[in-house]
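Visitor: I'd like to go over a predicted model; first the sequence, then the structure.
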Amino acid sequence: MATTTASTTASSPTGTGAGDRAERARRRLTGWGRTAPTTATVLRTGDVDVIAEAVRTAGPRGVIARGLGRSYGDPAQNAGGLVVDMTGLSRIHRIDVDGAFADVDAGVSLDTLLRAVVPHGLWVPVLPGTRQVTVGGAIGADIHGGNHHTQGTFTRHVLSMDLLTADGEVRTLTPDGPERELFLATTGGMGLTGIVLRARIRLDRVETSYFIADVEQAPDFDDMLSRLQQNDENYTYSKTWFDSVTTGEHMGRGFLLRGSSAKLEDLPKKLRKDPLKFDAPQLASFPDLFPPGMLNRLTAKALNEFYYRKAKTQQGVVQNITQFYHLLDLFADWNRAYGPHGFLQYQFVVPFDRTDLLRRSMETIVESGHISALNVLKRFGPGNDAPLSFPQEGWTLAVDLPVRKGLAELCDTLDEMVLEAGGRLYLAKDSRTTADRFARMYPDLPAWRKVRDAVDPERKFASDQSRRLDLVTG
């Protein structure tokens with residue numbers, strides 16, 4: 001069997017020895033949107049026994065795990081309580097090339113995992129819009145990517161996971177094992193059933209690290225929707241960007257970016273020399289100097305014009321992972337560009353027959369005067385059995401909105417529109433919806449509560465988000 005272990009593969013950024021030291025400090029935490037900061041005691045260690053003891057002795061404010069802090073809102077914050085920084089658990093224990101799976105600690109990032117497996121012709125099946133997400137975070141949020149219609153969510157590819165529960169014990173869970181319900185409650189459960197310590201992830205086989213892509217410009221929103229409904233099943237990956245600033249006949253103009261993993265024969269001669277090269281540089285880091293209001297109608301209009309003009313219609317173009325999938329990963333701390341007040345990402349899903357809601361929500365945002373320069377529309381395939389997993393069959397739309405006066409009222413209006421259409425919000429992005437709306441969006445919430453209450457009757461696992469959504473006392 002061709003097997004590689006962490007000692008002979010890529011070392012994780014934090015190392016494998018330094019993480020064993022236990023460090024505690026009071027820290028002010030926010031999500032990626034940099035809103036609603038709170039202070040907690042943060043524990044960082046690579047020692048599972050230390051984490052287990054911290055869980056057993058957690059105080060009345062409880063404990064929650066935190067990865068790289070890429071959830072946009074407050075699910076990895078715990079005001080006045082304990083937060084376990086999982087980046088101390090950072091070992092890749094095994095890469096099984098013949099079996100096409102990896103055995104990793106929960107604190108390993110998807111970026112680190114990709115860089116370790118790609119040289120072996122392997123690939124992580126589901127990636128979100130950034131690689132700077134830990135494996136544990138990917139499970140807790142049950143993340144999705146531009147290939148949900150073909151690959152489902154991340155946890156569809158989880159073969160097993162080790163979960164530290166409230167009693168300080170570690171349970172090994174599998175999708176079809178005796179504790180299947182706990183496995184499903186953990187996937188999408190935002191860390192509220194326990195702390196994922198380790199997981200085995202099924203990998204895909206690839207010939208190259210590149211993509212073969214088709215790009216199509218769409219002059220307006222209706223044209224883009226029509227194009228997106230054509231031939232989507234022929235692409236492994238599919239997403240669109242659209243303009244939410246331009247009004248009139250070109251409102252919602254944008255482009256479609258669809259493609260699949262490139263085969264060796266697809267590459268130009270110069271790339272065939274090293275087809276598994278992982279070409280994903282980081283060019284710069286944004287300074288924390290941007291003033292409030294820098295993203296306004298004038299600057300957003302210029303950005304939208306640039307995006308639209310740059311995306312020329314073309315077929316069969318070869319792109320690396322940065323060009324095709326993770327453009328924002330070129331810039332560390334790009335969230336600082338929204339200024340000191342931060343921003344929120346509003347993402348929802350509605351059934352396929354509610355295209356009217358997509359247009360109406362876009363019109364509502366435009367008419368409100370709020371600005372979004374990053375807007376993504378995708379198609380989801382069928383959902384899974386996890387009660388709090390976000391994706392369900394339909395359209396999903398995500399917009400980034402800088403925080404300013406009137407935003408709460410706009411989002412309340414959008415919430416009610418989404419509810420009326422039978423849709424829901426994504427917990428990994430949410431930072432402000434109410435407990436009542438959340439419960440109406442997720443009809444399987446009572447089933448999730450039943451499993452959570454059985455495994456954590458004292459509600460030791462808690463976060464700012466869980467208190468806001470009444471998941472601790474309810």
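Guide: Alright, I've got the coordinates.
Visitor: Contacts for stretch 431-439, please.
Guide: 31, 33, 35-36, 72-74, 344, 408, 411, 415-416, 419, 425, 430, 445, 465, 468-471, 474 (CB atoms under 8 Å, 6 or more residues apart in numbering). Backbone N, C-alpha and C define where each C-beta goes, glycine included.
Visitor: How are the strands of the stretch 51-200 of the chain distributed by residue range?
Guide: Secondary structure of the stretch 51-200 of the chain (DSSP state E, counting those that start in this stretch): strands located at 63-66, 82-85, 92-96, 101-105, 122-123, 158-164, 170-173, 195-202.
Visitor: which of those is buried the deepest?
Guide: strand 63-66 (a mean of 28; mean count of other CB atoms under 10 Å).
Visitor: just to revisit the earlier point, buried by neighbour count, from the contacts of stretch 431-439: which ones?
Guide: For the contacts of stretch 431-439, a neighbour count by 16 or more other CB atoms under 10 Å gives the buried set as 31, 33, 35-36, 72-74, 344, 411, 415, 419, 425, 430, 445, 465, 468-469, 471.
Visitor: among those, which are in strands?
Guide: 344, 425 (DSSP state E).
Visitor: Just the ones in helices from the buried ones among the contacts of stretch 431-439, please.
Guide: 411, 415, 419, 445, 465, 468 (DSSP state H).
Visitor: The helix or strand hosting Leu397 pairs with which strands, parallel or anti?
Guide: Assessed by DSSP states H and E, Leu397 sits inside strand 394-402. Take DSSP bridges as the rule and strand 394-402 pairs in its sheet with strand 343-350 (antiparallel), strand 375-380 (antiparallel).
Visitor: List of residues touching the last one?
Guide: Which is strand 375-380. Counting by CB under 8 Å, 6+ apart, 129, 144, 146, 148-149, 224, 228-229, 232, 238-244, 254, 349, 352, 358, 391-400 sit against strand 375-380.
Visitor: can you do 6 Å?
Guide: Residues outside strand 375-380 that contact it (CB atoms under 6 Å, 6 or more residues apart in numbering) are 148-149, 232, 239-240, 242, 244, 349, 391, 393-394, 396-399.
Visitor: May I have it as PDB, with CA atoms only?
Guide: Taking Å, rounded to 0.1, in the frame of the first residue of the first chain, the C-alpha atoms of strand 375-380 are listed here in PDB:
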ATOM      1  CA  ASN A 375     -22.300  38.800  -5.300                       C
ATOM      2  CA  VAL A 376     -22.400  35.100  -6.100                       C
ATOM      3  CA  LEU A 377     -25.300  33.000  -7.400                       C
ATOM      4  CA  LYS A 378     -25.100  29.200  -7.500                       C
ATOM      5  CA  ARG A 379     -27.300  26.100  -7.900                       C
ATOM      6  CA  PHE A 380     -27.500  23.500  -5.100                       C
END
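Visitor: Dihedrals phi and psi, Ser361?
Guide: phi -70, psi -40 (degrees, to the nearest 10).
Visitor: Leu257 now?
Guide: The phi/psi pair for Leu257 (degrees, to the nearest 10) reads phi -120, psi 110.
Visitor: ditto for Arg27
Guide: Torsion angles, degrees, to the nearest 10, at Arg27: phi -140, psi 150.
Visitor: What's opposite it in the beta bridge?
Guide: Arg27 forms beta bridges with Ala40, as assigned by DSSP bridges.
Visitor: and if you look at Ala284?
Guide: Beta bridges link Ala284 to Phe331 when assigned by DSSP bridges.
Visitor: Lys378 versus that one, what's the distance?
Guide: From Ala284 across to Lys378, the span is 28 Å (CB to CB, to the nearest Å).
Visitor: who has more neighbours, those two?
Guide: Lys378 (23 against 10; other CB atoms under 10 Å).
Visitor: Look up how far Trp241 lies from the more buried one.
Guide: Taken as CB to CB, the span from Lys378 to Trp241 is 10 Å.
Visitor: of all the ones in helices among the buried ones among the contacts of stretch 431-439, which two lie farthest apart?
Guide: Pairwise distances across those (CB to CB) peak at 20.5 Å, for the pair Cys411 and Leu445.
Visitor: Could you provide the strands of the stretch 51-200 of the chain in JSON lines, with additional columns for distance to His326?
Guide: Shown next, in JSON lines, are these (distance: least, CB to CB, whole Å):
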{"stretch": "strand 63-66", "distance to His326": "22"}
{"stretch": "strand 82-85", "distance to His326": "24"}
{"stretch": "strand 92-96", "distance to His326": "20"}
{"stretch": "strand 101-105", "distance to His326": "19"}
{"stretch": "strand 122-123", "distance to His326": "14"}
{"stretch": "strand 158-164", "distance to His326": "22"}
{"stretch": "strand 170-173", "distance to His326": "30"}
{"stretch": "strand 195-202", "distance to His326": "19"}
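Visitor: for the ones you listed, which one sits closest to Glu265?
Guide: The closest of the strands of the stretch 51-200 of the chain to Glu265 is strand 122-123. By CB to CB, the value is 17.8 Å.
Visitor: and the closest one, which strands flank it?
Guide: With DSSP bridges as the test, strand 122-123 is paired with strand 204-205 (antiparallel).
Visitor: residue boundaries of the helices in the stretch 51-200 of the chain?
Guide: Ranges of helices within the stretch 51-200 of the chain are 110-117, 135-141, 148-151, 180-186, based on DSSP state H, counting those that start in this stretch.
Visitor: Quick one: closest of those to Leu82.
Guide: helix 135-141 (16.1 Å).
Visitor: For stretch 304-314, buried residues please.
Guide: 304, 307-308, 311.
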